[in-house]
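1. Turn this into a model:
(chains A, B, C and D, ligands or ions: 6)
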Amino acid sequence: MKKFINDVENVENEMLEGIVLAHPEYVTRLPGFDVLVRTDKKVGKVAIVSGGGSGHEPAHGGFVGKGMLDGAVPGAIFTSPTPDQVFEAIKAVDAGKGVLLVVKNYTGDIMNFEMAAELAEAEGIKVANVVTNDDVAVEDSLYTTGRRGVAGTILVHKIAGAKAETGASIEEVHATAEKVIANVRTMGVALKPCTVPAAGKPGFELSDEEMELGIGIHGEPGTERKPIQKADEIVNYLMDRILKDMKPVAGDEVAVMINGAGATPPMELYILNRRVQQILAEKGVKVFKTFVGDFMTSIDMAGASITLLKLDAELKELLLAEADTIAFKM
Amino acid sequence: MKKFINDVENVENEMLEGIVLAHPEYVTRLPGFDVLVRTDKKVGKVAIVSGGGSGHEPAHGGFVGKGMLDGAVPGAIFTSPTPDQVFEAIKAVDAGKGVLLVVKNYTGDIMNFEMAAELAEAEGIKVANVVTNDDVAVEDSLYTTGRRGVAGTILVHKIAGAKAETGASIEEVHATAEKVIANVRTMGVALKPCTVPAAGKPGFELSDEEMELGIGIHGEPGTERKPIQKADEIVNYLMDRILKDMKPVAGDEVAVMINGAGATPPMELYILNRRVQQILAEKGVKVFKTFVGDFMTSIDMAGASITLLKLDAELKELLLAEADTIAFKM
Amino acid sequence: MATKAEVLDFIRIYGDKMAEHRQELTDFDQAIGDGDHGINMNRGFKAVSEKLPTLGDKNIDDILKAVGMTLVSTVGGASGPLYGTAFMKAGTVLKGKEELSDQDVISAFEEGVGGIKFRGKAVQGEKTILDSMIPAIDAIKKSISEGNSMTVALEAGEKAAWEGVEYTKTIIATKGRASYLGERSIGHQDPGATSMAYLFQAAKEAAKKSGK
Amino acid sequence: MATKAEVLDFIRIYGDKMAEHRQELTDFDQAIGDGDHGINMNRGFKAVSEKLPTLGDKNIDDILKAVGMTLVSTVGGASGPLYGTAFMKAGTVLKGKEELSDQDVISAFEEGVGGIKFRGKAVQGEKTILDSMIPAIDAIKKSISEGNSMTVALEAGEKAAWEGVEYTKTIIATKGRASYLGERSIGHQDPGATSMAYLFQAAKEAAKKSGK
Ligand SMILES: Nc1ncnc2c1ncn2[C@@H]1O[C@H](COP(=O)(O)OP(=O)(O)O)[C@@H](O)[C@H]1O
Ligand SMILES: Nc1ncnc2c1ncn2[C@@H]1O[C@H](COP(=O)(O)OP(=O)(O)O)[C@@H](O)[C@H]1O
Ligand SMILES: [Mg+2]
Ligand SMILES: [Mg+2]
Ligand SMILES: [Mg+2]
Ligand SMILES: [Mg+2]
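-> Residues are numbered from 1 along each chain as shown, chains lettered A, B, ... in the order given. Ligands and ions are numbered 1, 2, ... in the order given. As a prediction, this is how the structure comes out:
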């Protein structure tokens, strides 16, 4: 394992220290907790809290700031944060208009955020929550826990955050977040696995000729392991799955996010994007806005995901609204 | 070689297509050339052009836009662009107030940009140039071509770009750029080499226990190959070299850039940053602003560099001035 | 009758088992989850064992609640809220007790499993903790109703728990991370069901030690 | 006298050599530079060979200038401006010529090396193109002044060029990428000096072929 770290037990904490030392103008750490909150707490608005395991940087602390999140709760690497941490975040960011929790659809995340919500409600704080589940690689059926929440979560942060910034009620912010979730779809692919520092070795093995299609953001298995293909063919496969689920029609408008998994250079992400845009153009689907970069990583995995979000007038306006965070500015 | 690419010969072109398709609101490609220019050409200001080999994304096309570059000329991977391409960029961005070329100190870059400048001057365009040379790993002596230009170049773009945006003359913009160059220092380290797509295999070999200190942005050799150490020890070494050269005193103010080489996740960059900030605090050097992320990559190298820029009142103001580009917003 | 000392002993024994089987549970989770169940449980019970010395003068209900809260705030993931809720709920039903009757023990288990069901929204047969816990409790209740001692009943409980663990190898996971695997989860034993079987093993050993 | 056909032949032969030695030059550059010198030169001369058919009715000066411009706009890196400038400068001094006297050939080489010195700001002994080019030109001038034919002079020139290449193994690079290596550049031959030695080899072969 080759990493810029000190001791494996201190990775999460030292990373948090590094973030706060780098960006004190954006984020402040709650003393004694693994919680980042906006340095310039905004009053008179619904607050938004998100989180999950660490290892997805810049998610979620990188999206704390004007127009996105008010608080981020990073757990241990790939492990959901505990309710007391989330509860502390909720208390810190609440400005009297309630707190929306944006949770990715994993059993652990859901239960821990739910317990935090119960604690907060017991203290009289209004809490609502949404569960993101954009990963089309996993079937959403009676026999699964449903689709995983992956990179599309960032667009929920962006749009719900913009809605909150308008002074909307928690019910309105909640409804907008649900609208994003209903319209956002993602699928990913990995070329090389990631290494959890404490594990010291990759979470799974891929030969030099293999890729894993439909990978999750913790390296969970996907739909297929295949011989590695050309970028365009990989995109064809992923887009096929996304479009089958999303069913956009000519004239629809979408936002596109090409997300890097941590060890994929921009060069490759742009080559993927090229084919994504070609396919959408062929289908007559209009691209309103494109984001390319590392938004929701899987530590040092070499891989990428494609996210499409179908837009209406409200989502378009909110997508372009001002955002000023460490890793997302608009 | 595991990469999201199609054919190795098309990497540069398909990447450029991908960039333009992603961000038409920021950059436009000159038809028939490998040149990106601002989509919203600003008149009444000095224009700034930079470039060099491809493989350093987001540099340089990612910094084209308000408050930074007016044009970027990406050559083949790790190969400086040819004079005709640079000349075309100069002609396209010139708004009558002259064009400043920001060139990294490599023989090839210097000669190709110089020839382009000669062509432009022959057409009556006012051209000035600066050569960035922030890499303290290479000795600056009579017996070398001087220090290499590396990640500090991005801060030259930012500050010279802000100066140009004020409507300053080309002489003024040039002087400000030179001031940044005189005050910016960088040193890098690699854990894993990069693979030029056309080569198909890594440019150098590092065993699982080794790192290369003082690495260049094309994987050029550095000062030492050593057994891999803890992040804090690596930072101690790099900072020692930088500070010895820069000699800041207590009370000085600096900007810090922790730059990722392409395959290094934010997690690790922030752990490096933590120690950088500790050292500066110990020395009484005040950190005015910190940037952490992939700014000047080396394709898919796992590595990082630390850049310090000593600031005065002018540089501080210009550093914070508005910038709106694909990869750098302020 | 179970004394407070026996309850504390049970918690200590279970904590030791989580340390001992840390790698085994993690390996089971590596196969069908994210490879951290043993790490998670061990982290939680290490925190519990640091807390135990401060709980000596508390009633049993407060002890169990404190264990649950500690698990909730140190384990994370899916098992933290599940085990944490189970201990907290068990505490709630034993309000003010310094000793437990057999019926109290059964009530505590039933409240615990109720907490897990409530929190995890799973039912038996989904390849979870419940698949060893529910049969174990049923076996204990049956044994006590047949007039056996709690030690004998816990022996029957542990046996049923391990049968439940075996059963998890034969079914598809439809809850938790293992559900992403679909068919591919068959053949593997569930880590959570396994850690729960060790809980009944610990309870049995604590009861045996007290010689009743 | 060198005819236009001989000049075109020289360019073709040199282009073939750059294709043939592509990997060798790249390997030399891998050792002390960035491993692309053969790729660069080959790319440039492939473009030149595509251009050549359109230059048949041009004068020699225009042919050389076109070669130089093609190199400049296709090679990039350090060698593009250097070789490109050399050909362009050589063209400039041969204005309007359809045939070249021995003196014309010498002038062309001298203008060429002047262009490289101007563009690269290097002097002899810095482990560059100049280290094979300058001794080669000196040898050619000496040979001609001794009354030899251009073919004989070019033979002497090539020999001197390869001696220059050998010499580059003994010195530290102080220009170009190899200069980052300092002492470590000793022992390796310079790729640019090598590609320049092939240029004199190509000139010699073209002269020999024409049988003069
Ligand atoms: N909804 C649920 N109800 C009951 N048990 C569950 C549920 N979801 C998961 N589990 C149990 O949790 C175990 C995994 O725990 P752990 O690995 O610690 O958490 P995580 O899955 O978050 O990494 C599974 O083996 C399963 O027994
Ligand atoms: N200033 C210079 N003057 C003359 N020749 C030079 C100079 N700098 C570099 N060279 C030559 O260029 C060669 C390298 O060319 P090439 O590999 O094509 O370009 P790059 O170094 O940009 O990759 C070196 O071997 C050396 O002979
Ligand atoms: Mg987990
Ligand atoms: Mg080169
Ligand atoms: Mg797990
Ligand atoms: Mg080279």
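2. got the contact list for the spatially closest residue to residue A:24 that is not a sequence neighbour?
-> Leaving aside its sequence neighbours, residue A:24 sits nearest to residue A:39 (Cβ to Cβ, 6 or more residues apart in numbering or on different chains; 6.5 Å). C-betas here are computed from N, CA, C, even on glycine. With contact taken as Cβ atoms under 8 Å, 6 or more residues apart in numbering or on different chains, residue A:39 is in contact with A:24-28.
3. gap between residue A:39 and residue A:26?
-> Residue A:39 sits 6 Å away from residue A:26, taking Cβ to Cβ, to the nearest Å as the criterion.
4. try residue C:159
-> Distance, residue C:159 to residue A:26, by Cβ to Cβ: 57 Å.
5. just residue C:18 next, same as before
-> For residue C:18, the distance to residue A:26 - Cβ to Cβ - is 39 Å.
6. What ranges does the stretch 151-300 of chain A have for its helices?
-> A:153-165, A:170-183, A:231-246, A:266-282 (DSSP state H, counting those that start in this stretch).
7. of all these, which gets the most neighbours per residue?
-> Stretch with highest mean neighbour count among the helices of the stretch 151-300 of chain A: helix A:153-165 (a mean of 28; mean count of other Cβ atoms under 10 Å in any protein chain shown).
8. Let me see the mean pLDDT of that one.
-> Mean pLDDT, helix A:153-165: 98.
9. for stretch C:78-88, same thing?
-> Regarding stretch C:78-88, the rounded mean pLDDT is 97.
10. Off-centre distance for that stretch?
-> Counting by Cα atoms, centre = their mean, to the nearest Å, stretch C:78-88 is centred 9 Å from the centre of its parent chain.
11. Chain neighbours aside, what residue packs nearest to residue A:259?
-> Per Cβ to Cβ, 6+ apart, closest to residue A:259 is residue A:151, 4.1 Å.
12. what about that neighbour, distance to residue A:257?
-> Taking Cβ to Cβ, one finds residue A:151 at 6 Å from residue A:257.
13. what residues are shared contacts of the two?
-> With contacts defined as Cβ under 8 Å, 6+ apart, the residues shared by residue A:151 and residue A:257 are A:186, A:295, A:305, A:307.
14. Of these, which belong to strands?
-> A:186, A:305, A:307 (DSSP state E).
15. which one of the residues you listed is nearest residue C:58?
-> Of all those, residue A:186 has the smallest distance to residue C:58: 48.2 Å, by Cβ to Cβ.
16. Tell me what the closest one is bridged to.
-> Assessed by DSSP bridges, residue A:186 has beta-bridge partners residue A:135, residue A:307.
17. contacting residues around it?
-> So residue A:186 contacts A:134-136, A:150-152, A:242, A:257, A:259, A:305-308 (Cβ under 8 Å, 6+ apart).
18. Serialize those to CSV and add fields for distance to ligand 6.
-> Converted to CSV, those look like this (distance: Cβ to the ion, whole Å):
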residue, distance to ligand 6
A:134, 45
A:135, 44
A:136, 45
A:150, 42
A:151, 39
A:152, 44
A:242, 42
A:257, 37
A:259, 35
A:305, 36
A:306, 36
A:307, 40
A:308, 42
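19. quick one: the strands in chain C?
-> For chain C, applying DSSP E gives strands covering C:2-3, C:99-100.
20. Compare these and report which one is nearest to chain A.
-> When these are ranked by distance to chain A, counting by Cβ to the nearest Cβ, first place goes to strand C:99-100 at 26.3 Å.
21. That closest one pairs with which strands?
-> Partners of strand C:99-100, by DSSP bridges, with direction: strand C:2-3 (antiparallel).
22. Alright, I will stop here.
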